[in-house]
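Chemist: return atomic coordinates for the entry below.
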Amino acid sequence: MKRIQLLSTLVANQIAAGEVIERPASIVKELLENALDAKASSIVIEIGHGGLTSIKVSDDGVGIVADDLPLAILAHATSKIATLDDLYEVKSMGFRGEALASIASIAHITVTSKPLDQPDAMKLQIEGSHQLLTPCARALGTTVEVRDIFYNAPVRKKFLKSKYYEFQAIELMVKRFALSVPEVSIELFHDHKPVLILPATDKATFYTMRVGALLGKKFIDNAIAIDTSSDDITLKGWTTHPNYQRSQSDRLWVYINQRIIKDKLINHAIKLAYDNHLHPGRFPLCILYLTVNPHEIDVNVHPTKHEIRFQNPKVMHNFLYNGLKKAIQEPTTQPYADTMRASSTKNFLREPHLGGHYTPFSFRTALASEQEGIYIAQNYIIYALTSGYCLIDMVALKRHWLTHELNQADLPLSPRHLLVAIDYALPHQFTATAWQQLSPLFSQLGFDIMVDKQRIWVRAIPHLFPDLVIDEFVESACKLSIYTLDALKEILLNITCAKVTDLSAKLKTYLEHYQSTLIKEPFIKVLTAKHCERILYE
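Modeler: Residues are numbered from 1 along each chain as shown. Got it, this is the predicted structure:
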């Protein structure tokens, strides 16, 4: 029987790193938290090979004095807390003093820093148990460079995925941070190529400049603003109209005192608020900012600090549920006051009109606004034009509009960058020869697609086709016998126009602007008394 013995500092730190550092994105998270705690106003993140070879985070924060640099990479060395009572008043992102020590135990790390009152910057290089501290040149702030993650833990390293998958996780993490600190400019590079350039914004432009840039127009068009408070709790942010539904719950983004959290209690309150509003297995998209008295929460629950314990969980649950429920039932078309006080984008948010769930029994509601039209059957609408009420085949109208837009647009088409890259298994028809011919055509159409082993990664799609079923498009493209731009355009139109249940704002504009020409098309009929008689009695 083996005797009990103390673990070495290196082994103990590697065990701790297993709790804190799961993948490269975990390192980026810890370094971003350190930069924010240092009161940085600008952060630059440079990623090499998906974070598998290098991660570099630079900020313009207050910096670390030379004497403290060697302490910064020791476990449980921190400037955030000193006593047990401090744990219950934590306002900083980090506080345990574990991050840099955990990173240094599984990677090579270099920390360069210059505080305001220090003439020179100092660089601390750490490789295993070896440390080297030297003076160097740097402006105010700190740079942490991490190389060769899990170089000394091959078992951990083999569980990492491709560079595209790992970078996707990093990009998502950076976007979540960017939505919590509008006053900080953030830049993200991958293999020396810019991926995100997010200038600092004020409260007045945060919604249009950052939320809109990261989540896209579809979120903006379907967002409901929330602004409510009770006692020591404040809730602000946005959640989506029940008409906008997702198949996954991975976009319930909640921040408590600017900290990113994942909490079952909060997720349950969100789900309950949308009960009877969404189909089973469907979820909204939320960006919720909760401000809570630090004494009412315990952030020292999990090493990643994603989980939180509430002193009064029932109060928090009910407050969030009631706030969301009221917002859903009484949607506002304006974001909360602080965010839009000086905004010039009046009515940027609009309450979405009813679309896909309209039934023939909804005429009374529909007639209240002629401009919305009356949705009937599946793909048809009765809509008021200058010629009178018209019956319109929305599928044919959308195809006509998209064909018009495609013919008018210059190549390459404008891309729409996805919030997170989407990956699919390669179709069995996919070959290296096919990819060689398809790749330049995809680029001309506005796609940003990468191929990695058995997966295909899509980072951007044509801006004209935001609702494209991407995997169906790629599979159909691979089945072509001859690869041409016209053939790919035809596939785009066939997939996008297969079903249309809503007359979008762009379709309405196109319809009303070109109605004198469109009225002659076979997919639009002006309703006359004779038409109505035939519908009723034949």
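Chemist: quick check: pLDDT value at Val420.
Modeler: Reading off the confidence values, Val420 has pLDDT 73.
Chemist: and it, how close does it get to Ile482?
Modeler: 33 Å (CB to CB, to the nearest Å). The way it works is simple: take the backbone N, C-alpha and C, and place the C-beta from them, glycine included.
Chemist: comparing these two, which shows the higher neighbour count?
Modeler: Val420 (13 against 6; other CB atoms under 10 Å).
Chemist: check which helices and strands the host helix or strand of that one sits against.
Modeler: Here Val420 sits within strand 415-425, counting by DSSP states H and E. Here strand 415-425 touches helix 163-178, helix 212-222, strand 455-462, helix 470-478, going by 3 or more CB pairs under 8 Å, 6 or more residues apart in numbering; DSSP states H and E.
Chemist: turn these into JSON lines, including mean neighbour count, mean pLDDT and distance to Leu426.
Modeler: Converted to JSON lines, the helices and strands packed on strand 415-425 look like this (neighbours: other CB atoms under 10 Å; pLDDT from 0 to 100; distance: least, CB to CB, whole Å):
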{"stretch": "helix 163-178", "mean neighbour count": "21", "mean pLDDT": "90", "distance to Leu426": "13"}
{"stretch": "helix 212-222", "mean neighbour count": "17", "mean pLDDT": "83", "distance to Leu426": "27"}
{"stretch": "strand 455-462", "mean neighbour count": "20", "mean pLDDT": "85", "distance to Leu426": "5"}
{"stretch": "helix 470-478", "mean neighbour count": "19", "mean pLDDT": "83", "distance to Leu426": "9"}
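Chemist: show me the one of these that comes nearest Leu507.
Modeler: Shortest distance between Leu507 and these, using CB to CB, is found for helix 212-222: 13.3 Å.
Chemist: please name the nearest non-neighbouring residue to Val315.
Modeler: Spatial nearest neighbour of Val315, chain neighbours left out: Ile233 (7.8 Å); criterion: CB to CB, 6 or more residues apart in numbering.
Chemist: which residue ranges make up the domains of this structure?
Modeler: Listed by the TED database, the domain ranges of the chain are 9-199, 205-329, 374-497.
Chemist: next, give phi and psi for His531.
Modeler: With angles defined as degrees, to the nearest 10, His531 shows backbone torsions of phi -60, psi -50.
Chemist: find the nearest non-adjacent residue to it, please.
Modeler: Spatially, and ignoring its direct neighbours in sequence, His531 is nearest to Lys525 (6.8 Å; CB to CB, 6+ apart).
Chemist: pull the number of nearby residues for Val144.
Modeler: Val144: 25 neighbours (other CB under 10 Å).
Chemist: thinking it is in contact with Ala107, fair?
Modeler: No: with contact defined as CB atoms under 8 Å, Val144 does not reach Ala107; the gap is 10.7 Å.
Chemist: give me the below-cutoff pLDDT ranges for the stretch 351-500 of the chain.
Modeler: Within the stretch 351-500 of the chain, the segments meeting pLDDT under 70 span 351-373, 377-378, 453, 499.
Chemist: picking that back up, can you dump the C-alpha coordinates of the strand holding Val420 into PDB?
Modeler: In PDB, the C-alpha atoms belonging to strand 415-425 read as follows (Å, rounded to 0.1, in the frame of the first residue of the first chain):
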ATOM      1  CA  PRO A 415     -20.800  38.500 -46.800                       C
ATOM      2  CA  ARG A 416     -22.800  38.200 -43.600                       C
ATOM      3  CA  HIS A 417     -20.400  37.000 -40.900                       C
ATOM      4  CA  LEU A 418     -21.900  34.400 -38.600                       C
ATOM      5  CA  LEU A 419     -21.800  35.000 -34.800                       C
ATOM      6  CA  VAL A 420     -20.200  31.500 -34.500                       C
ATOM      7  CA  ALA A 421     -18.700  29.400 -37.300                       C
ATOM      8  CA  ILE A 422     -20.900  26.400 -38.200                       C
ATOM      9  CA  ASP A 423     -19.400  23.100 -38.900                       C
ATOM     10  CA  TYR A 424     -20.800  20.100 -40.800                       C
ATOM     11  CA  ALA A 425     -19.600  16.700 -41.800                       C
END
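Chemist: can you list the residues that contact whichever helix or strand comes after that strand?
Modeler: Going down the chain from strand 415-425, the next helix or strand is helix 432-444, by DSSP H and E. With contacts defined as CB atoms under 8 Å, 6 or more residues apart in numbering, helix 432-444 is touched by 411-413, 449, 451, 477-478, 483-485, 488.
Chemist: one more time with 10 Å, if that's ok
Modeler: If you take CB atoms under 10 Å, 6 or more residues apart in numbering as the criterion, helix 432-444 is touched by 411-413, 415, 426-427, 430-431, 447-451, 456, 458, 460-462, 473-474, 477-480, 482-485, 487-489.
Chemist: Leu124: helix or strand, and which one exactly?
Modeler: strand 121-127.
Chemist: quick check: buried residues in stretch 399-412?
Modeler: 399-402, 406 (16 or more other CB atoms under 10 Å).
Chemist: now render those residues as a markdown table, adding secondary structure and distance to Leu31.
Modeler: Listed next are the buried residues of stretch 399-412 as a markdown table, based on DSSP: H, G, I helix; E, B strand; the rest coil; distance: CB to CB, whole Å:
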| residue | secondary structure | distance to Leu31 |
| --- | --- | --- |
| Arg399 | helix | 48 |
| His400 | helix | 51 |
| Trp401 | helix | 46 |
| Leu402 | helix | 44 |
| Leu406 | helix | 44 |
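Chemist: for Asp467, state which of those is nearest.
Modeler: Using CB to CB, the buried residues of stretch 399-412 come closest to Asp467 at Leu402, 11.3 Å.
Chemist: tell me the contacts of the closest residue to that closest one other than its chain neighbours?
Modeler: Sequence neighbours aside, Leu493 is the residue nearest to Leu402 in space, at 5.9 Å (criterion: CB to CB, 6+ apart). Contact analysis of Leu493 by CB under 10 Å, 6+ apart lists 398-400, 402-403, 406, 465.
Chemist: tell me where the stretch 251-400 of the chain has strands.
Modeler: 252-256, 259-261, 286-292, 297-298, 309-310, 374-376, 380-385, 388-393 (DSSP state E, counting those that start in this stretch).
Chemist: contacting residues for the residue nearest to Asn267 when sequence neighbours are not counted?
Modeler: Ranked by CB to CB, 6+ apart and with sequence neighbours excluded, the top spatial neighbour of Asn267 is Leu252, at 5.8 Å. Neighbour list for Leu252: 239, 246, 262-263, 266-267, 270-271, 283-288 [criterion: CB under 10 Å, 6+ apart].
Chemist: so how far is Ile224 from Leu252?
Modeler: Separation of Leu252 from Ile224 (CB to CB): 15 Å.
Chemist: circling back: which ones are touching the residue nearest to His531?
Modeler: With CB under 10 Å, 6+ apart, Lys525 has these contacts: 389-393, 519, 531.
Chemist: quick one: Tyr289 and Leu235 touch, right?
Modeler: Yes: assessed by CB atoms under 10 Å, Tyr289 is found in contact with Leu235 at 7.3 Å.
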